[in-house]
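Engineer: just to be clear, the model below is a prediction. Sequence and coordinates:
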Amino acid sequence: MKADNKTIKTNRDVAQYIDSLGDSKKIEDCNLLIDIMKDVSKCEPKMWGESIIGFGDYTYKYESGREGDWFYIGIAPRKQNITIYMMSGFDKFEEYLAQIGKYKMGKSCLYIKKIEDINLDILKIMLELAITHLKKLYP
């Protein structure tokens, strides 16, 4: 049974959304992250809902039978931070998390204040591993 997710892929313009943020540093950081995620995912950025930029998509299915569509990796510029989504979670990333720099973490999210706080080479590795994991899980 397909879930009625509140956050779905839209046709909103990503560049226009980023430009509307108004904070030149956040715009610069988000554009750099978008370039990195495009390169790693080999996918174009798409808006998911009002404020999430996702890369790639897959259909997940849980043992309960619930299924839905979601993105592999993404970002969301928020007032306090930039959220980096890695939908694979972080269970297998302990060694990389120790090297990535300054962040806070949620279940599938890294929260950063600014791009200079993190090691972008380590982030790229983590993003690649997250995508690989999800592609194996949901071929």
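Structural biologist: Perfect, thanks for sending it. Residues are numbered from 1 along each chain as shown.
Engineer: which residues in the protein form strands?
Structural biologist: Secondary structure of the chain (DSSP state E): strands at 45-48, 52-55, 58-61, 67-70, 73-77, 82-86, 104-105, 109-112.
Engineer: for the fifth one, packing partners?
Structural biologist: Here strand 73-77 is seen to pack against helix 24-41, strand 52-55, strand 82-86, helix 120-137 when contacts are counted using 3 or more CB pairs under 8 Å, 6 or more residues apart in numbering; DSSP states H and E. (C-beta placed from N, C-alpha, C; glycine too.)
Engineer: if we can go back for a sec, adding distance to Asn11, mean pLDDT and mean neighbour count, write the strands of the chain out as TSV.
Structural biologist: Converted to TSV, those look like this (distance: least, CB to CB, whole Å; pLDDT from 0 to 100; neighbours: other CB atoms under 10 Å):
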stretch	distance to Asn11	mean pLDDT	mean neighbour count
strand 45-48	8	98	21
strand 52-55	13	98	23
strand 58-61	19	87	14
strand 67-70	15	87	17
strand 73-77	16	97	23
strand 82-86	20	97	22
strand 104-105	31	96	12
strand 109-112	25	96	20
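Engineer: could you list the low-pLDDT ranges of the chain?
Structural biologist: Along the chain, the parts satisfying pLDDT under 70 run over 1-4.
Engineer: identify the residues contacting the residue nearest the centre of it.
Structural biologist: Centroid-nearest residue in the chain, with CA atoms, centre = their mean: Gly74, separated by 1.9 Å. With contact taken as CB atoms under 8 Å, 6 or more residues apart in numbering, Gly74 is in contact with Met37, Trp48, Ile52, Ile53, Gly54, Phe55, Ile84, Tyr85.
Engineer: out of the residues you listed, who's nearest Met126?
Structural biologist: The shortest approach to Met126 among those belongs to Ile84, at 8.9 Å (CB to CB).
Engineer: for the nearest residue to the closest one once chain neighbours are set aside, give the beta-bridge partners.
Structural biologist: Here the nearest residue to Ile84 in space, its sequence neighbours aside, is Leu110; by CB to CB, 6 or more residues apart in numbering that works out to 4.4 Å. Here Leu110 sits in beta bridges with Ile84, Met105, as judged by DSSP bridges.
Engineer: no further queries at this time; thank you.
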